[in-house]
Structure formats: structure tokens, C-alpha cells
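>>> fold the following and give me the result.
(one chain, ligands or ions: 1)
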Amino acid sequence: MRTQVGIVGAGPAGLLLAHLLGRDGIGSVVVERRSREHLERRVRAGVLEQGTTDLLDTAGVGERMRREGMVHHGIELRFGGDGHRIDFAALTGGYGITVYGQQEVVKDLLAAREAAGALPLFECEDVEPAGLDGDRPAIHFIHAGERHELQCEIVAGCDGSHGVCLPSAPNGALVAYEREYPFAWLGILAEVAPSTEELIYARHERGFALHSMRSPVLSRFYLQCERDADPGDWTDERIWDELRTRLALDLASGPIVEKGVTPMRSFVVEPMQSGRLFLAGDAAHIVPPTGAKGLNLAVADVRVLAAALRDHFATGDDAGLRAYSDTCLRRVWRAEHFSWWMTSMLHRFPDGAGFEEKLQRSQLEYVVGSEAAATTLAENYVGLGTA
Ligand SMILES: Cc1cc2nc3c(=O)[nH]c(=O)nc-3n(C[C@H](O)[C@H](O)[C@H](O)COP(=O)(O)OP(=O)(O)OC[C@H]3O[C@@H](n4cnc5c(N)ncnc54)[C@H](O)[C@@H]3O)c2cc1C
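Modelled structure (predicted):
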């Protein structure tokens, strides 16, 4: 098998890259270890920045998102039992976010790949990039019981936080920066209409809580929990009680159809490129989800990479590829800082009673009381420009 760009991973990053390259007439093959059904059911992020929705629109995959996505122009911060609205539109010159599930973005991208006759190769095993520091890279894998070698010019590592591309980079070429947080999020999806029109981020002495939504009949909630929490210990009754207490809200409840624990981690690898390997999305960086940045960063990386590959294949101009890592890392570190800041301000830290708690409260009061501080939150949340 031969192609121009071999892509590992059919998450939002890999699928969008294949789609953008296809529109420019650049060949690619996406190698994915999961089934299509699994990808289309995987519930994860759901907040899209304006830059993300604009890109999906111009790439011709935004039609259903525009119809079904919910546009929000603010969020609520809740602490001390009171809610305070951060008005994104007023603070950022009209910008907002769109609430549209990541699995819906993935469905739309897969439909576009199918229409182009270029679906990923699903359920691949033993995926292994090779020859990344030479000029003949390849991806080895087993598909439908047969061993294959995909020869390509460029390998795009879009295989998420537990992928094979980052560990395949030549030894010592990349440096990792990392922070683990001493808690996790219990995320649930419930078949109930949202009890609020906009997202609510709550800081409570029992821990953080978030009320989000996916559609007029599906709500998404998160509760700060222990790092090693077992979702089985969280009965439906316990979850609803805890949400009502932390959100200080008369919540409507409904059947819980999905429950999972996500550890909180910050991670960046530099540079995001080594030889013929270019990393994009979660393969290169992880943010704690408090800032709603993971999916948006993946899309921003792919925008830069697709443009650089267009120049490379059209004219042989590699300036874009050489600048890829530096260009992306500027946005990545801004998002890393914002996500860390939101996480630090809103969570209960095991050793944080007393002094830290007073600082958090002071920071929250400043954010809701000062236009300058509220603008900092708003402009970071809706997304600072495009890379
Ligand atoms: C459990 C979880 C919950 C999350 N919740 C939120 C949230 O609530 N809000 C938020 O903003 N962000 C959230 N995120 C982050 C957000 O979903 C990610 O930032 C986003 O998925 C990044 O897209 P990606 O394409 O880079 O990676 P991914 O979506 O992870 O896609 C990587 C793809 O590569 C495939 N793959 C992995 N290894 C291999 C291999 N060896 N061979 C072939 N294919 C491989 C995977 O199956 C996957 O399809 C969450 C992430 C996780 C893991």
C-alpha cells in the first residue's frame, strides 16, 4: 500500500486531517484500532470554539452542527450558593461557543469520508510506525487478519493520549512536560432536559461540579471525585444528590445512560514533530477538561498541519512544516495555562483547606466582579484567534 500521508487514529484530529487533505487532492489512509460503531458512540467533549465551528463549516462538514448545535453566549460560575453569569458576547465582541457532542462531529466527518469513498481502515491491530527518521516512513499493521505495510511520505500521529506514534519517535528527540492532578471527574450522560440554558461551573466545599448538555433531551454532568474512584460506587441516587448539593440547583433527574471516570492531567510534548512524524491533538498534548480545550486544540493543530502539507505537496515549500510545532505550541501553552487556571480555581484540593480555599474564593470574586478579569476568562474560553 502507498499513500502520501499515513494517518494513525480516526478521532477528530485524524478524520479532519484526512478530510482537509482530500479536499486539496492529497492522498491519505487512516489506520484506526477501534470499530466505526465504537467511535460513533464514544461520548467525550462537547464545547466547540468559534474557530472550530468556522473551520468545520468552511470544510463542508458543519451543516448538521449548525442545525442541531446549541449556540451559547455565556456560562455561569456558581460559588457560595450564588450564580454569576460571564457574558461572552458582551466581553468578546459577540463571540460564543457551540455545544455539539464530539461523537456527532466524528459521525459527520465519517459520513464525509464515506461519501469520498475513503473510510478509515477500522479494527487494525499491532499498528506500528517505522522509519520515521528516514525518508521512507511506513505504518505496519494487521487488518482483517492480514499483515500490511503502508508506505507514505509523512506519518501523522493522531492517535490520542495512549497511542503508538509518540513512543515511536526517535529516542531523546522529544521532551515531555507533565502535571497530574490529585482528583478525577465522574462524567455522566442522562436522558433528561437540561435544567439550565447555559453551562454551570460550580465550586463547592464538597468539590467541583459542572452542568453541561448535549441536546434538548440529553444532559451531561461532571463531579469531582477521587482519582481511583470506581464508577460502580456511585449509585444514581448518590450522583443526583451530590449534583443537587454542589450545583445548589433544583435539578430534574432522568435515566443515566453513561458513566465514566476521567483522570485530570496536563501534558505537552515538544516539539510536536520528529523526522517524518507530525503529532496532532491528544497525541501531543492533554489538558484537564475544565477549560473545554482538548477537542478545539486538536482541530487547531490539524488546521495548521493541513495547510503546511498543502504547500509541501503543491510546491515543495516546507516552511509551514518547519514552523508547525512552534505555531501550534503557542496556542497549546495558552490553553494549558487556561485549563490549569480554571482547574485550580474551581476544584477542592486534598491539602487545600484554609489558605488555598480563601485564595480560590478571592479569585472567583475577582473574576465575577472585575470586567478585566471576566474578559480574561471569556476570551480564553471562546478561543483566542486562530493559529
Ligand atoms: C475519556 C475522555 C473524556 C473526555 N472528556 C472531555 C470533555 O468532557 N471535554 C473536553 O473538552 N475534552 C474531553 N476530552 C478530551 C477530548 O475528547 C480530546 O481532546 C479529543 O478527543 C482529541 O481528539 P484526538 O483526535 O486528538 O484524539 P482521540 O479522540 O483520542 O482519537 C485518537 C484515535 O486514535 C485511535 N488509536 C489509539 N491508539 C491507536 C493505535 N495504536 N492504532 C490505531 N489507532 C489508535 C483511538 O482509538 C482514537 O480513535 C476527553 C477525553 C477522554 C479520553
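
>>> which phi and psi does the residue in the stretch 1-150 of the chain that the ligand sits nearest to have?
Closest residue of the stretch 1-150 of the chain to the ligand, C-beta to the nearest ligand atom: residue 11 (2.0 Å). (Glycine included, C-beta is placed from N, CA and C.) Backbone torsions of residue 11, given as degrees, to the nearest 10, read phi -80, psi -170.

>>> what pLDDT is listed against the closest residue to the ligand within the stretch 51-200 of the chain?
Among all residues of the stretch 51-200 of the chain, residue 160 sits closest to the ligand, at 2.7 Å; criterion: C-beta to the nearest ligand atom. For residue 160, the model assigns a pLDDT of 98.

>>> sec struct for it, please.
Using DSSP: H, G, I helix; E, B strand; the rest coil, the secondary structure recorded for residue 160 is coil.

>>> if we can go back for a sec, ok, the residue of the stretch 1-150 of the chain closest to the ligand to residue 328 distance?
Applying C-beta to C-beta, to the nearest Å, the value for residue 11 to residue 328 is 16 Å.

>>> and the helix or strand hosting residue 267, average pLDDT?
Using DSSP states H and E, residue 267 sits in strand 256-270. Predicted confidence along strand 256-270 averages 96 (mean pLDDT).

>>> so what's residue 384 up against?
Under the criterion of C-beta atoms under 8 Å, 6 or more residues apart in numbering, the contact list for residue 384 reads 331, 334.

>>> on that earlier part again, mind listing what the residue of the stretch 51-200 of the chain closest to the ligand touches?
9, 11, 281, 282, 283.

>>> wait, the last one sits on residue 156?
No - between residue 283 and residue 156 there is no contact under C-beta atoms under 8 Å: 9.0 Å.

>>> for the ligand, what are the nearby residues on the stretch 51-200 of the chain?
Residues of the stretch 51-200 of the chain that fall close to the ligand, judged by C-beta under 6 Å from any ligand atom: 102, 124, 127, 158, 159, 160, 163, 164.

>>> just give the nearest non-adjacent residue to the last one, would you?
Put plainly, it is residue 164. The shortest distance from residue 164 to any non-neighbouring residue, by C-beta to C-beta, 6 or more residues apart in numbering, is to residue 127 (5.7 Å).

>>> now the host helix or strand of residue 85, how far from the chain's geometric center?
In this assignment (DSSP H and E), residue 85 forms part of strand 82-87. On the basis of C-alpha atoms, centre = their mean, to the nearest Å, strand 82-87 is displaced by 25 Å from the centre of the chain it belongs to.

>>> so which bits of stretch 164-183 are buried?
Of the residues in stretch 164-183, those buried under the neighbour-count criterion (16 or more other C-beta atoms under 10 Å) are 164, 165, 166, 168, 169, 174, 181, 183.

>>> quick check: end-to-end length of it?
With C-alpha to C-alpha, to the nearest Å as the measure, the first residue of stretch 164-183 is 26 Å from its last.

>>> need the residues that contact that stretch.
8-9, 127-130, 132-133, 155, 157, 159, 207, 224-227, 263-271, 274-275, 277, 279, 283-284, 288, 340, 343, 347-350.
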